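1. Got a predicted structure here, sequence first:
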Amino acid sequence: MTSEIYIPGFTVTCLLITSIICIVAVLVAWYTVRSRVKFSQIILGAFSYVLVMLLENVLSLAAPTVPETGFVYAIYITLSMVVAREVIRFLAMVFGVKANFSNTDASVGFALGFAGMYLLICGAYYFNCYTTATEYVKTGMDAFVANTGSDAEEALTLLKSIAAQSGWQFVFTGVNRVMFLVREIALCVLIWYALTREQKQYYLLVPLMSLAAFLPDGLYQAEVLTSSYAKDLITVAVSAGIAFLAARQYNAREDQVAHFQIERLRARKRR
C-alpha cells in the first residue's frame, strides 16, 4: 500500500489561483495593446517560443555530464535557458519582426506571443496540478491509484512535488510568471531599439539582463538557493528593473501624442 500524501485544501485552491493568474495575465496584456499590435506578430512570437523549447531540448541532450546539484550545474542550467531564448529571439526579431514591420509596437506584439505562449503552458500545467490534487483529496490514495492505472507512478510523482510546496509558494510563482511576461516585452523592445535606433549597447545588455533574471531559477534548480521565496523575489526585482529601463527608453523615444490620437480615432470608429 502506498503511503498517504498530505495536500492541504489551501494548496489545492492556490494551484487554481496560480493557473488563473498565468492565463489572465496574457489576456490582460493582449487587451491592453490589442489596437497597436497585429495577430501575425503574436503568432510569430508563439512559434518562436516553440523553437526555444526545441533548442533547450537539443542543448540538454548535448550537455556534458555534470552533477545535478551545485554551482556548476546552476551555471549550465542558466546558460542553457538564456542561450536558447536569446538566439531565437534575436533571429526572429531580425528576420521576422524587423523585416516585416516598422514600428516599435511590433516588438511588443512579438513579445506577447513569445512570453504569452510560456504563460499559457504554465497555466495549463498548474490547472492539471489542480485537477490531479483535487481528485486525490476527494478520493484518497487507494482509489486515486486505481483510477490513474498505468499513469499512477507519474501522478504520484506530481502529487509529491505539489505536497513539497505551500500554497503561497505557488501564488508567488504565478506573480513571477507575470513578471516574466513584463520582462520579455521589455527585452524585445530593447532589442528593437538596438536593431533600429543604433542603440548597440543592448546587443550585450539584453543577454546579460536575461542572464541575471534567470540565474536565481538556475541556482534554485541546482539546490544552491534553497528558498523559493528568495528565488521569486530576486527574479521579480530584476524583472522590475529591466521593465523600468525599457519603459524609460520607450517613453523617451515614442511619440506618445501620436499614440493617443490613434487610440482616439480607433475608439471613434468602434463606436
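-> Received the coordinates, thanks.
2. how far away is the closest residue in space to Glu4 that isn't next to it in sequence from Ile7?
-> Nearest non-adjacent residue to Glu4, counting by CB to CB, 6 or more residues apart in numbering: Met141, 5.3 Å away. No exception for glycine: its C-beta is placed from N, CA and C like everyone else's. For Met141, the distance to Ile7 equals 11 Å [CB to CB, to the nearest Å].
3. Looking at those two, which is more packed in?
-> Between Met141 and Ile7, counted using other CB atoms under 10 Å, Ile7 has the larger neighbour count: 20 against 15.
4. List the contacts of Tyr49.
-> Contacts here follow CB atoms under 8 Å, 6 or more residues apart in numbering; on that basis Tyr49 touches 88, 113-115, 117-118.
5. would you turn the residues you listed into a markdown table with pLDDT, neighbour count and distance to Ser19?
-> Formatted as a markdown table, the entries for those read as follows, by pLDDT from 0 to 100; neighbours: other CB atoms under 10 Å; distance: CB to CB, whole Å:
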| residue | pLDDT | neighbour count | distance to Ser19 |
| --- | --- | --- | --- |
| Ile88 | 96 | 21 | 26 |
| Gly113 | 96 | 23 | 20 |
| Phe114 | 96 | 29 | 20 |
| Ala115 | 96 | 27 | 17 |
| Met117 | 96 | 21 | 15 |
| Tyr118 | 96 | 20 | 14 |
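6. Looking at those residues, which one is closest to Leu16?
-> Proximity of these to Leu16 was ranked by CB to CB; the top entry is Tyr118 with 19.3 Å.
7. and the gap between the spatially closest residue to the closest one that is not a sequence neighbour and Leu195?
-> Distances taken as CB to CB, 6+ apart put Tyr49 closest to Tyr118, at 5.9 Å, once the chain neighbours are dropped. Here the distance between Tyr49 and Leu195 works out to 19 Å (CB to CB).
8. do the same with Val82
-> Using CB to CB, one gets 19 Å for the distance from Val82 to Leu195.
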